[in-house]
Structure formats: structure tokens, C-alpha cells
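Student: build me a model from this:
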Amino acid sequence: MGNDDNRRRKTPCGCCMSVFKWIPVLFIFAVIGWSYYAYVVELCVLNTENRVSMIFMLFFYHIALILFLWSYWKTISTSVGRVPDHWRIPDEEVNHLFRADNPETQKRILNNFARNLPVTNRTMNGSVRFCDKCKIIKPDRSHHCSVCSCCVLKMDHHCPWVNNCVNFFNYKFFVLFLGYALIYCLYVAFTTLHDFIQFWQGQLNGSGMGRFHILFLFFISIMFAISLVSLFGYHIYLVLVNRTTLESFRAPIFRIGGPDKNGYNLGRYANFCEVFGDDWQYWFLPIFTSHGDGLSYPTATDQTGNQRYDAMGNTSTNSNRLEVQPTDKLIDAIPLNNHQPHLELDNGQQIPSSQVIVNIEQTLPLPLSAEAPAKDTSNGGGVVIDIIGDQSAKDANVLNGGPHLANGAADKIV
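Tutor: Numbering: from 1, shown residues only. So this is what the prediction gives:
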């Protein structure tokens, strides 16, 4: 189960809690066992006179039961996974983190440690998410479960009916468990409806206890079906929008863009394949086919290609940016020399490089103003543009070499 589960179970209280948590699971298995007896023995064997109908009823019943139990057991037995060791912060860094004087220092320590980790989620103050119990950097979409005593990858919620966290590794099994449980209940209710009507009409054969088994089987199957249809429908919706239960109540916070419930929405089909896989032959079998490793996930921004997130919040723009902003094509800037950032004219005069000379196509007139001084462009001259904005108009006038630069001046930037 969890990373610290074994240590927790060593205490007497931990052992009692571990036993207590299995009570809901044992209750579900007891209900399934009783329903098997009521359906197979009391309904099919003792009360069905047509043997062909009995064989068909038992055949489809056992198919639904096997798929139901298979997915249920996979949901229970699948581990929540383990966050790799390189996500764990060393004890020395943890001590520095807890002794930090202010949140900015803590933020700097966490960002420095997570600079090579694929994390895009942040806290409310913009810091990398950190679990003070597990002493690890939280991967995206992961949360600490107090019941499992560990950080769970892509945690959806902790379900007491499976005594496990619904997470990245068993989410497909959980959805299939809900679906097959609903099919099982509907099938039992549908096939016992005729006998239930005969019971109320006083025409049902069999002993008194057998008739009550069939009556309760119908009511219990209807009751579970009503509760399962809403839960199953809700999780199908979550699959199609690529969202967990926790994310539906509290949107994940991204380094770029802030809170966004649809941050992982890739489209309905892509969202479905992220959970159920690409091969349709395994979609409805409780076999793990989900995409990814549980540590990083594609985002909606990755899908559109406008910008990408990385651990430190840097972004890389799409190559189509020039097509979106055509005015960028008109500017042919000359690269600056980072070692000697100044502008050297033919007369030896040096001008700070915060003002850059660029060439503008002659067909585009540039209006003259005191804030944006210009020079004669009839002979291919340059126009001065104040890039940083820390120079006054007076300094910009010097850049023009007085009133104007000489025609054909060989200006260069060093």
C-alpha cells in the first residue's frame, strides 16, 4: 500500500485500524456471496422450470459476475505506487527549508531542488508543491492521503469500499468496477422482475424463505443500481474531461496560467485513451493500459502548441509566432555584442546600446514625434527605436548625429 504503511501497522492502533478498514470490503463480498446463492440456487435451480432459459440466465450471469469481481479485485489489490527517490529532498535541505526565515527563501529552495523535475503545478503562492510528511516534491496531480500515509500519484479519492486510493494505477479498474457492478445489478433486477411480480400475485412457487430471497434480491439490486448509475456516470464525465474528483472541487494551479480545471483536457477521445489505452481490445478488460508513468502528464497547452511548461516556469513559444504577429517580419534587428554593449559611429562617437538602430521597409512611413525621433529614410537610413525606454529624447537626438546622419553612413554595433 503506502510508503509508510508497514511502519504504521507495527503499532497496536495501526493494526486495529487496518482490520477495521477491511469491514466495508468484507460487507461487499458478503452481499455478492448471498446474491450468488439467491440467484443461482433459489431463482434458477429451484424456481425456473425451463432448462434452456436457466442455462442462458446462468451463462450471462456468470460473465457479468466474473468481470465484476475481476475489476473489483484489481481495484483493491493494485498499489498506489511509489514516488521515485530522486523526488525526495535530502534531510539537510529539509532542515534548511524548515528553518527558512520567510516564504520566499522556502520557495527558492524548493524551486532550486525541482529545477530538473517535470512539475508544472504550484501552490497558491507560486511555490513548488512539497509534502512535509513524505519529505518529497509532489508530482503533478498527486496528493498526500492520510489513510494510506503516503503521497498518491494522480489521486482521485480514497474509497473505503475498496480500502484503497483510487489513483493513476487503478483508475481504469475502478471505472470498470463501477460499470460492471451496474451491469450486474441491472441484469439481476431485470431477470428477477418476473418472479417479483409473481410473488405479489401469490403465484411464485417455492418455499417461504426462497421467495423472500428472490424478493430481497430484487430490491437490493435496484437499490445498488440507483446509487451506481450516478457514480458511474460522474466518473465517465471525469474521464472525458481528464479531471480527477479532487481537481473538480479544487482546480490545479499551473505555473503559467494559474488555476485551470481544464488544464489537462486534451479532447474527449484523447482523454479516454489516456486512461483506457489505445488498443480497443483491452478497453473493457481490467488490464493496465493507461498512458504515462503517473509523474507527468500532457497539458492542454501542450496540445495546442502555444507554450509549454517546465519545472522552473520557463516557456517556449511556437514557431508560428511570426505568422501570428506579421509586424515582427518587418524588423531586421542587428545583434548586440554582449561583451561591449555600445554603438560606434564613423566619427568614433559611442552611444549606449539600449537604443538600437533597425531598418524599416521604405514603403512603411513612420510618423515623427518628439518621443520617437526619426531620420531621413529616403536613402536607406535607419530609424532610432528606444527599446528599453531608459534614454531621454535628448539622448536619442544624439544618436542621429545631430540633425541627421550622413547619407550612407557605415553604422555598426560592436
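
Student: so Asn116 sits in a strand?
Tutor: No - looking at Asn116 with DSSP: H, G, I helix; E, B strand; the rest coil, it is coil, so not inside a strand.

Student: tally of neighbours for it?
Tutor: Counted with other C-beta atoms under 10 Å, the neighbours of Asn116 add up to 10. Every C-beta, even on glycine, is put in place using the N, C-alpha and C of the backbone.

Student: cool, Gln281 as well?
Tutor: Gln281: 9 neighbours (other C-beta under 10 Å).

Student: can you tell me the distance between the two ends of stretch 120-128?
Tutor: Stretch 120-128 has an end-to-end distance of 8 Å (C-alpha to C-alpha, to the nearest Å).

Student: quick one: buried residues of that stretch?
Tutor: Thr120, Asn121, Arg122, Ser127, Val128 (16 or more other C-beta atoms under 10 Å).

Student: can you pull the contacts of the last one?
Tutor: Same thing as Val128. Counting by C-beta atoms under 8 Å, 6 or more residues apart in numbering, Val128 touches Lys107, Leu110, Asn111, Phe113, Ala114, Val119, Arg122, Ile137, Ala311.

Student: and those residues, which two are furthest apart?
Tutor: Spatial extent of the contacts of Val128 (C-beta to C-beta) is set by the pair Phe113 and Arg122 at 14.4 Å.

Student: one step back: just name the closest of the contacts of Val128 to Thr192, please.
Tutor: Val119 (52.2 Å).

Student: could I get the contacting residues of that closest one?
Tutor: Val119 sits next to Val128, Arg129, Ile137, Lys138, Pro139, Asp140, Ser296, Ala311 when contact means C-beta under 8 Å, 6+ apart.

Student: same thing with Leu266?
Tutor: The contact partners of Leu266, taken as C-beta under 8 Å, 6+ apart, are Asn242, Glu274, Pro298, Ala300, Gln303.

Student: buried subset of these?
Tutor: Buried, going by 16+ other C-beta under 10 Å: Asn242, Glu274, Ala300, out of the contacts of Leu266.

Student: which one of the residues you listed sits closest to Ser79?
Tutor: Using C-beta to C-beta, the buried ones among the contacts of Leu266 come closest to Ser79 at Glu274, 20.1 Å.

Student: verify the stated contact: that closest one with Asn242.
Tutor: Yes - Glu274 lies in contact with Asn242 (C-beta atoms under 8 Å); the separation is 6.4 Å.
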